[in-house]
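*Asks:* Output the structure for:
(chains A and B)
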Amino acid sequence: MAVSMTSPPSLFAIEGAQLLFAVLFAPVLYGWIAVCRAALSNRSPAGILQPYRDLRRLFGKEILVPDQTSFLFPLVPIAVFGGLAASSLFIPFLWPDPVLSPVSDAIVLVGIFSLVRIMMAFGAMDTGTPFGDLGARREMMVAFLAEPATLMVLFTSSLWSRSTELPSILSSLLSSSDPFRPSLVFAFLAYTLILLGENARLPIDNPATHLELTMIHEAMILEYSGPFLALMEWGAQLRLLLYLLIGIDFFLPWGMTTQISVMGFAAGGLVLLAKLFLAGSGLALIETLFAKLRIFRVPEFMAMAYLLAVMGFLIHFVLEVQS
Amino acid sequence: MLPHASPLSLALFMLVYFGVTGLSGFILLKRRPWLQPVFYLLLAAGSVGTAFSGLWGLECSCDLRSTLGGGLPSLPFHVRLDALSSFFLLLLGGASTGILIFSGGYFKTLSGPRAGAMFLRLALFLGTMTGVVLADDAYLFMLSWESMALVSFFLVITDDEQEEVRNAGYLYLLMAHLGSLLILVAFALLATHETSGRFPSLSAFSFEAMGKTAMSPAIAFMVFFSGFLGFGAKAGLLPLHVWLPEAHPVAPTPVSSLLSGVMLKTAIYGLIRVFFGLEGLEHIFFQWGVAVLLSGAFMALFGILYALLQSDPKKLLAYSSVENIGIILLGLGLSVLYLKKGFPVAGVIALAATLYHSINHAFFKSLLFLGAGTMIHASGKKDLNAMGGLLRKMPVSGLLVLIGVLSISGLPPMNGFVSEWLLLQSTLQVSDIPQTLIRSIILLGAALLVLASALAAMGFVKFFGIGYLGLPRSEGARQAREASVPERVGMAWLVTGCFALGLFPTFFLRWIDQVIFHMTGLSLPDSALSSGWLWLVPDSRHSASYSPLILFILLLLFMSLGWGISRWFGRPRRRRTPAWTCGYDIRTPRMQDSAGSFGQPIRHFFANFFLMKRHLPDPEEKDPVFELTVEDPHWFYLYRPILHLFFRLASLAEKVRTGKISVYLIYSFITLLLLLTLLRWL
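*Replies:* This next block holds a predicted model:
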């Protein structure tokens, strides 16, 4: 979609709103998932704003830096948070065609996520502890299958729009008369599995445990403390939100406003919030129903995601293309 | 010679300059080895000149031909500087400049005679590579190609007192000659097939004459595949790649860097020259493109899987070169396939990605080999398991290597990403192709490409994480010192190249477009070149766009935002403490991952790819040893059987060898009789 630097300032205001929404809403979503999980397992929830309290507590603490780490260690939380916050500018969710979205298509987004992941792995290995190495190794193991699967899902979605730009994918879905596509069903299933794997959720990883035999994400951020840990946690929350937002763009884009008006944004925002809360409770349900997989089974899980994505791709050619 | 200044005369001048500098260095450095940094700077200046001649050639879109004295009767030396040569001159000069500056610091401990010899060989190596790119007839090309192989052979066996070095050198020479033979076959077929059995006049061997001939499909097939295998042997095509992981670790660092970063690209140059220039697309069938595509895709996966298991950093990089050449071949095959099927836009994008990845690889792989050299130098061992914690001791060179690692892992906003992104964009045009089989093949290629690049990220997390991060794993690593100034400057040059290629892709695409137009008569879509230098738009704004520079600035901006938040909200106090590690109070370097254990998930998951021999210790053993060896299956399934066959044949020949001259005379007599009868019948 054509963008020139002479766009009206309101478009940049939308970008600002997107950024603020993503950064501020991410902890709330995490809180909501925790509330749902607690409700599903008959515990009394800590409240939807608990992640905010945790962040405030962490920001108030001093930073402990393990000895014998290099200059990379303090750089990593900043890079993780910065990379993910920047990504929120490129994903259309409040407005179907953000000004800055031509900077990065969906492949570039996957690349930025990969950059963030590699920085995290470096931060973990910099500590020279067995846990850090273990976390980095496992994270990369999950990633090497999740990343191709993500791109396959993306390819499937882009076959319709003949584009890897999120706004184009979005508009081709919004403007089609028959939005049900079998290939997208497979892609959706694959994407759900990827989302679980990439965001360290059950059944791949359990964010609530520090058991050395099972942890992945927690092992990587084990040595971070204070504001650094806060940035890492905030980054993880942001990443989950961004994955959900991309998923919404791919599979459920309906309801987004197409006119710049207060009412339009209010309505679009409400629909978006509803979708996100719904997705959050869905995640909580999945996490309550499934137990954690053994680490050796994880590649099989991710391979299944890859397979589903490829099937979506093939089904597009078999069923949906008239030739 | 050419009377006026032109890119070609500049390139030829640089050729002479390499020779003169090399010889004077050879003479002077014997007595005064301390002059090395100066001489290497002079040589680097020659590389800059070569790069400039390439740049000039691309800017003026020249196609200059000339003949020099010498050569064969009726075949004087033809030289030519067209867009393709110019592009590869730019690649060659650009990457080798950094390597040569680095050499000035790296070789400073060499004694006089060795320093002189090394300098001369390096200068000749550069000269012969330039010659390969400039040659415009089969004779000059083969002359340069073979001298290049010989010079690089002598460079590889620099430390020839060790047996493994001699073995690796021998293997390299063998593969190089096998390749040359096949290339010669391709050239001979191109030059002679019209003359039906009679040997043509020598002038048929100039590239101009070779490019103009029509040929039957059978001949075209043989030319295509002997060229593919011949140049493939140099580029590391499976299964002819076996010399790469042997020769690179034993060669001195700047040499392995030149081999992998620059020399492999001369093979890519040769492939493009033969496919698009001499043979011509009109004689090529799309199925051959499919073959190239599939072999490239498989190479990419195979190379990176083996790279992940290596603990010698240079071996790791050598296997990763197999992967990257695989990606380049994938792009080349894809472009042939698309162009032959009549999809010029997709084909041109794939070809652009191929060329872009070649120059990217030249920069980041040279950089990483230099980095591996400083790591080995600092820790004293060619083993990642003896490294660790180097980033604290060598922050500057470590940071430079980190940038190379991010580049080769294909991460935005660095350069490796640009070419992989272009390649993916071209595979996405697959829905235009009606045939399901071809479509699935392209998709398979795309899937393998993505898988390989995700695995590459893991491999280079291992390379950097085990080597530079964590606790030092050996006494050597504890004592490590920062690399010397010329070494760091050389690496910084290559990093600058990576940044330029990553952040300003449009400039390079404009040059690449010249090459593509020259070779195929097609051009990149308008939007690719007219969207302004900020935007990379391969096809149309609607389908995909990417702006690395804006992304880079945004990333920096948001990183400082993150830093600001942590400063503003957080307490500024920062304290160094022992690592927490879940409260365990013992923490030794040996508790970290070793190079082997980091690759363990890969070994587990792709077990079918590896030939593993494992020895698990008995519980009662006194000195329990865990041993695991992984071998390249090509040795087991291909080369050893061939070797055994040769031995078998030799022992058969041994039976007729008696050592008595009378028996030998009878042999020759019988042979003579047989031949005469044969002649009679015919």
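*Asks:* From chain B, how far out is the residue nearest the centre of chain A?
*Replies:* Among the residues of chain A, the one closest to the centroid is A:Tyr243, at 2.6 Å (C-alpha atoms, centre = their mean). From A:Tyr243 across to chain B, the span is 17 Å (C-beta to the nearest C-beta, to the nearest Å). Just so you know, the C-beta spots here come from the backbone N, C-alpha and C atoms, and that holds for glycine as well.
*Asks:* same deal with A:Asp249?
*Replies:* 16 Å.
*Asks:* For the residue nearest to the centre of chain A, give me its contacts.
*Replies:* Neighbour list for A:Tyr243: A:194-195, A:198-199 [criterion: C-beta atoms under 8 Å, 6 or more residues apart in numbering or on different chains].
*Asks:* rerun at 10 Å
*Replies:* Counting by C-beta atoms under 10 Å, 6 or more residues apart in numbering or on different chains, A:Tyr243 touches A:91, A:113, A:150, A:191, A:194-196, A:198-199, A:279.
*Asks:* Where does pLDDT dip in chain B?
*Replies:* Counting by pLDDT under 70, chain B contains low-confidence ranges at B:1-3, B:193-200, B:570-572.
*Asks:* Need the three-state assignment for the residue nearest to the centre of chain A.
*Replies:* Three-state call for A:Tyr243 (DSSP: H, G, I helix; E, B strand; the rest coil): helix.
*Asks:* got it, and the one 3 residues further on?
*Replies:* Counting by three-state DSSP, the backbone at A:Ile246 sits in helix.
*Asks:* Which residue comes closest to it once chain neighbours are left out?
*Replies:* Leaving out its chain neighbours, the residue that sits closest to A:Ile246 by C-beta to C-beta, 6 or more residues apart in numbering or on different chains is A:Ile91, at 5.9 Å.
*Asks:* Give the helix, strand or coil label for that neighbour.
*Replies:* Recorded secondary structure, A:Ile91: coil (three-state DSSP).
*Asks:* Torsion angles phi and psi at it?
*Replies:* With angles defined as degrees, to the nearest 10, A:Ile91 sits at phi -90, psi 120.
*Asks:* Could you tell me how far it is located from A:Val110?
*Replies:* Applying C-beta to C-beta, to the nearest Å, the value for A:Ile91 to A:Val110 is 12 Å.
*Asks:* So for the two, which residues contact both of them?
*Replies:* Overlap of the contact sets of A:Ile91 and A:Val110 (by C-beta under 10 Å, 6+ apart) consists of A:104, A:246.
*Asks:* Pull up the per-residue confidence for the residue nearest to A:Ile246.
*Replies:* Looking at A:Ile91, its pLDDT reads 92.
*Asks:* List the residues that contact it.
*Replies:* A:18, A:22, A:98, A:101, A:104, A:106, A:109, A:166-167, A:170, A:241-243, A:245-246, A:248-249.
*Asks:* same question, B:Leu330
*Replies:* B:292-300, B:350, B:353-354, B:357, B:423, B:427, B:442, B:445-446, B:448-449, B:452.
*Asks:* so which of those residues are also by chain A?
*Replies:* Filtering these for proximity to chain A (criterion: C-beta under 10 Å from any C-beta of the partner chain) leaves B:427, B:446, B:448-449, B:452.
*Asks:* how deep is the residue lying closest to A:Leu100 once chain neighbours are set aside tucked in, by neighbour count?
*Replies:* Nearest residue to A:Leu100 in three dimensions, chain neighbours excluded: A:Leu89, at 4.6 Å (C-beta to C-beta, 6+ apart). Counted with other C-beta atoms under 10 Å in any protein chain shown, residues neighbouring A:Leu89 total 20.
*Asks:* so A:Leu89 touches A:Trp95, yeah?
*Replies:* No. Using C-beta atoms under 10 Å, A:Leu89 makes no contact with A:Trp95, being 11.2 Å away.
*Asks:* what touches both of those two?
*Replies:* In terms of C-beta under 10 Å, 6+ apart, A:Leu89 and A:Trp95 are both contacted by the residues A:15, A:18, A:101.
*Asks:* just the buried members of those?
*Replies:* Buried residues within the shared contacts of A:Leu89 and A:Trp95, counting neighbours by 16 or more other C-beta atoms under 10 Å in any protein chain shown: A:15, A:18, A:101.
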